[in-house]
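S.K.: quick one: sequence and predicted model below, then my questions.
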Amino acid sequence: MAIEIITVPDLGGAETVDVIELSVQPGETVEIEDSLLVLESDKATMDVPSPQSGILLKYLVTEGSTVQVGDAIAEIEAVGEQASTTVELTESAEVKSIQAETETVADNIEKEESDTLSEQLIIVPDIGSDDDVEVIEVSIAIGDQVAQGDTLMVLESDKATMDVPSSHAGKVIKILVTEGARIRSGAEVAIFEVNAGVVAQSALVAESSNATGETVKETNSVAEEKPQKQQPTPIAEGGQELNDVYAGPAVRLLARELGVSLSKVPGSGPRGRIQKDDVNSYVKGALSQLDLATSGQGIPPIPAIDFAQFGEIETVKLSKIQKLTASNMQRNWLNVPHVTHFDDADITELEEFRQSLKREGEKRGIRVTPVAFLIKAIGASLQANPEFNRSLAADGDSYIQKHYINVGMAVDTPRGLVVPVIKDVNEKGIWEISADIAALAGLAREGKLKASDMRGGCFTLSSLGAIGGTGFTPIVNAPESGILGVSKSQMKPVWYGHEFVPRLLLPLCLSYDHRLINGADAGRFMTHLVRLCSDIRYLAL
Ligand code: CAO
């Protein structure tokens, strides 16, 4: 096993350069000419290609470090052949050719003397090759005021990425190229409305790779006075200013593969250079925005509002439970077509019976509330109406019929809403259920529930009876198919056929998943439940 130390090759004149990108992960395999890292001097950005195929063992430099010719930069476990030529980061032959040709083009550009506005056809200068190259970016939009030297578009060949700067200042009135098109020297790029009297100049900025993959960046001016390469300030359709795009070929390629417009990616590298990580972070951010936007199945997100403009505010972080509740509620509300069925149960006798249990309850140390009867009655109703004890399978092709009866109970705690589950309620009596309610509600409020205490529910009870209200529409705790909301019992006059009689009525609100349960099923379930609550003798049957 041969370990090769890779060193900084000839920098083509630069004394020191910054390492701005480590392009390979240690442990990854590299082929000859794969870019190992990107260096940057004041004038040029250079990919350092691997002279050796093998496994990159480690880097001997870090991003941000400064290196010079001969410095060791990486260790490679050599596999296969070594590059036959020495890697040198000199100006490539192609770039030189581009420079020479560009000068010729510029010499031929005519000078306009007129003071009137005229149309000017903008063409691709000689790019030093007869091959078609791809337009990877059109940097101008119709209506843009372009300064001489502004980037019109970016071309990419197998070996080079080239900014094509504008030979004229003017207003873009027509664009004749599209991204993805393949063009060559002399191709028509755009039509500008130009102010006459401008000395036309042309420049070509090439960020080019030679045969060994090295990249150099050169600006070649061709007129008597060297035109400054302006920072492009293209105006997007919405009138929004875009940033100059400063990125190497590898990053441009990645951006194109991911469909990212580099003008939207903030660069974190030296002088704002866009790095691969910047593109990845941009994509991650965009995806999470998309998740937010589509978590409502295409429903547009609620806009962010600065409430401080209306008065004093404070921002408080949600607890874990609150966040989970929010996400579960939204998920359930959006997934489950809800219907809520209302009825009142006459619990006059139930309440008398419950009061009669108080003394014994004190002896046992158990407090019996209406909730215990409701949970028992729900269990019996689930047994009698098994369609409420089903869950729709995730694929929507089947349902799961449960043969156990566990009832979840919403508990209001300082940290948020939790739903412990009372297991096998149909096998338990009122004392046992009451003890379970007290124990689980206590654990919930102390934040001591175990995950297993909150799993396996078939149906949920949400009792707001101790708090008040005449009715509400609870959200189904999917994949359960029903939830019973209970409001505060009240004495009300009930017509007994010949007189009004004061009765204690308990408002019940049954929400259900209409994909699995029909209205008639819900009516039967509710009627059964109301009968059990109104005459608890039926609970014994
Ligand atoms: N009508 C009138 N009074 C009622 C009642 C009702 N429907 N339900 C309970 N009460 C009474 C009880 O009888 C008790 O009074 P007594 O001590 O005089 O008998 C009193 O209200 C207090 O009850 P409690 O809240 O201590 O106990 P509980 O068994 O009624 O409820 C629990 C337990 C855990 C369900 C409840 O404490 C709780 O947290 N409820 C909130 C549930 C919730 O947040 N739901 C919304 C979820 S979705 O948004």
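M.R.: Nice, I can see it. Numbering: from 1, shown residues only.
S.K.: list the contacts for whatever residue of the chain ends up closest to the ligand?
M.R.: Proximity to the ligand, evaluated over the chain using CB to the nearest ligand atom, is greatest for Gly465 at 1.9 Å. Every residue, glycine included, has its C-beta placed from N, CA and C. Listed by CB atoms under 8 Å, 6 or more residues apart in numbering, the contact set of Gly465 reads Pro370, Val371, Val486, Ser487, Lys488, Ser489, Leu506.
S.K.: who in the chain is up against the ligand?
M.R.: 369-371, 409-412, 417, 437, 441, 462-466, 474, 486, 488-489, 506 (CB under 6 Å from any ligand atom).
S.K.: looking at those residues, which are in strands?
M.R.: Met409, Val411, Asp412, Leu417, Ser462, Ser463, Val486, Leu506 (DSSP state E).
S.K.: which single one of the residues you listed is nearest to Pro51?
M.R.: Minimum distance to Pro51 across these is 63.0 Å, recorded for Leu417 (CB to CB).
S.K.: tell me what that closest one is bridged to.
M.R.: Asp412 (DSSP bridges).
S.K.: before we move on, back to that, now, of the ones in strands among the residues of the chain next to the ligand, which are buried?
M.R.: Among those, the ones that count as buried by 16 or more other CB atoms under 10 Å are Met409, Val411, Leu417, Ser462, Ser463, Val486, Leu506.
S.K.: can these go into a markdown table with extra columns for pLDDT and distance to Met454?
M.R.: Converted to a markdown table, these look like this (pLDDT from 0 to 100; distance: CB to CB, whole Å):
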| residue | pLDDT | distance to Met454 |
| --- | --- | --- |
| Met409 | 98 | 10 |
| Val411 | 97 | 10 |
| Leu417 | 94 | 11 |
| Ser462 | 98 | 15 |
| Ser463 | 97 | 17 |
| Val486 | 98 | 20 |
| Leu506 | 98 | 26 |
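S.K.: can you tell me which two in those are farthest apart?
M.R.: Leu417 and Leu506 (21.7 Å).
S.K.: what is the burial count for the residue nearest to Gly447 when sequence neighbours are not counted?
M.R.: With CB to CB, 6 or more residues apart in numbering as the criterion, Gly447 has its nearest non-adjacent residue at 6.0 Å, and that residue is Arg415. When neighbours are counted by other CB atoms under 10 Å, Arg415 registers 12.
S.K.: what's across from Asp513 in the sheet?
M.R.: Per DSSP bridges, the residues bridged to Asp513 are His338.
S.K.: that one touches Ile483, doesn't it?
M.R.: No. Judged on CB atoms under 8 Å, Asp513 makes no contact with Ile483 at a distance of 9.5 Å.
S.K.: more neighbours, the two?
M.R.: Legend: neighbour count by other CB under 10 Å for Asp513 and Ile483, higher for Ile483 (27 against 23).
S.K.: kindly list the main-chain dihedrals of that one?
M.R.: Main-chain torsions, Ile483, degrees, to the nearest 10: phi -150, psi 140.
S.K.: check Ala540 too.
M.R.: Backbone geometry at Ala540, expressed as degrees, to the nearest 10, gives phi -80, psi -10.
S.K.: how about the helices in the stretch 201-350 of the chain?
M.R.: With DSSP state H, counting those that start in this stretch as the criterion, the stretch 201-350 of the chain has helices at 249-258, 276-294, 320-335, 348-356.
S.K.: ranking those helices by burial, who's on top?
M.R.: Sort the helices of the stretch 201-350 of the chain by mean neighbour count, taking mean count of other CB atoms under 10 Å, and helix 249-258 sits at the top with a mean of 19.
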